[in-house]
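# I need the structure of the sequence given here:
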Amino acid sequence: MSTQVVSPSLSVQAVLQKWGQAEVSRRVKKLSPEKQELARQMIALDLMSRPVASFDSGPLYWLTKFTKTEDEHWFEKGTQFISPFPRKEYFLPVMQHMIDEKVLFIQKSREMMTSWEATGFATWGASKVGLFWLFQSEKDDKVIQLVNYARILHRNQPKWLIDQNPLIVDNDHELMWKRGGKIVGIPGGADQVRSWHPYGLISDESAFQQEFEASFNSAKPVCKKIICISTDAMGPFHTICKEAA
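Residues are numbered from 1 along each chain as shown. Purely as a prediction, here's the structure:
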């Protein structure tokens, strides 16, 4: 096989389109073990970088095949502390909306893993695409938890993938990747949002943020994407969801 498949000068996507996945796999098998591994890594990087809702490419491909979650309640549940991100079918339409919509409101139950999926989408965007995301919640400990979700997804990747884009800033409220992606956690409040100009905002437990409406209005002019997630409660979050239904 030509070494073009592992050459950074030739688009992996172009090679896949030209030959197809089956032919690429057949040709990769003829390479030396080292070049086989490099080719597989380049193909995986290309697939996971695509903005699509699928378990075979895009954010969910990365989440379900190349990283894992951690559950601090694993013992009482009788599950593993570190587990693969689950392949739940409803993740697909939720991810499609995250990709397509500028503003997305999600009413959730506590066992749906919606915050994990949204955090995974933002972590994918930061670490694989180089985007800047804000995480906001009313309480600081919740913000720290959301940033830690992103940290968990980063550190549970295979070493070769971590090395593709390592963290250069890592603290309770901020993660920054070498190739430019960033996540910053901020407490509730409209003034907190005005201090930044991110690509996107994830507002978690929006229904319980005292200044949610003001924060949301501050984010709309500067963010290309806003994802608001919460269990329901009376207030602006409930009203917006009801009006959109």
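
# can you read off the pLDDT for the residue most central in space within the chain?
For the chain, the residue nearest the mean C-alpha position is Phe121 (2.2 Å; CA atoms, centre = their mean). The predicted local distance difference test score for Phe121 is 98.

# is it true that it touches Pro59?
Yes - counting by CB atoms under 8 Å, Phe121 does reach Pro59; the two are 5.2 Å apart. Any C-beta I mention is one placed from the backbone N, CA and C, and that applies to glycine too.

# now for the helix or strand where Val24 lies, which elements pack on it?
In this assignment (DSSP states H and E), Val24 forms part of helix 21-28. In terms of contacts (3 or more CB pairs under 8 Å, 6 or more residues apart in numbering; DSSP states H and E), helix 21-28 is packed against helix 12-19, helix 33-48.

# now do the SS call for the residue nearest to the centre of the chain.
Secondary structure for Phe121, judged by DSSP: H, G, I helix; E, B strand; the rest coil, is helix.

# so how far is Met98 from it?
Using CB to CB, to the nearest Å, we find Phe121 at a distance of 5 Å from Met98.

# could you do Glu89 as well?
Counting by CB to CB, the gap between Glu89 and Met98 amounts to 16 Å.

# neighbour count for those two, which is higher?
Under the neighbour definition other CB atoms under 10 Å, Glu89 and Met98 were set side by side, and Met98 has more, 24 against 7.

# span of stretch 162-175 from start to end?
The distance separating the two terminal residues of stretch 162-175, taken as CA to CA, to the nearest Å, comes to 14 Å.

# could you check it and say which residues are buried?
Of the residues in stretch 162-175, those scored as buried under the neighbour-count criterion (16 or more other CB atoms under 10 Å) are 164-165, 167, 173, 175.

# and for Phe121 and Met98, which residues touch both?
Contact criterion CB atoms under 8 Å, 6 or more residues apart in numbering; residues bridging Phe121 and Met98 by contacting each: Ile227.

# what's the neighbour count on the closest residue to Lys139 other than its chain neighbours?
Counting by CB to CB, 6 or more residues apart in numbering, the nearest residue to Lys139 once its immediate chain neighbours are dropped is Pro187, at 7.2 Å. For Pro187, the tally of surrounding residues (other CB under 10 Å) stands at 16.

# who are the contact partners of the residue nearest to Arg179 when sequence neighbours are not counted?
In space, and not counting its chain neighbours, Arg179 is closest to Asn165: 4.8 Å by CB to CB, 6+ apart. Residues touching Asn165, when contacts are defined by CB under 8 Å, 6+ apart, comprise 127-128, 177-179, 181.

# quick one, strands of this protein?
68-70, 82-84, 103-107, 132-137, 167-171, 174-177, 182-187, 200-204, 225-230 (DSSP state E).
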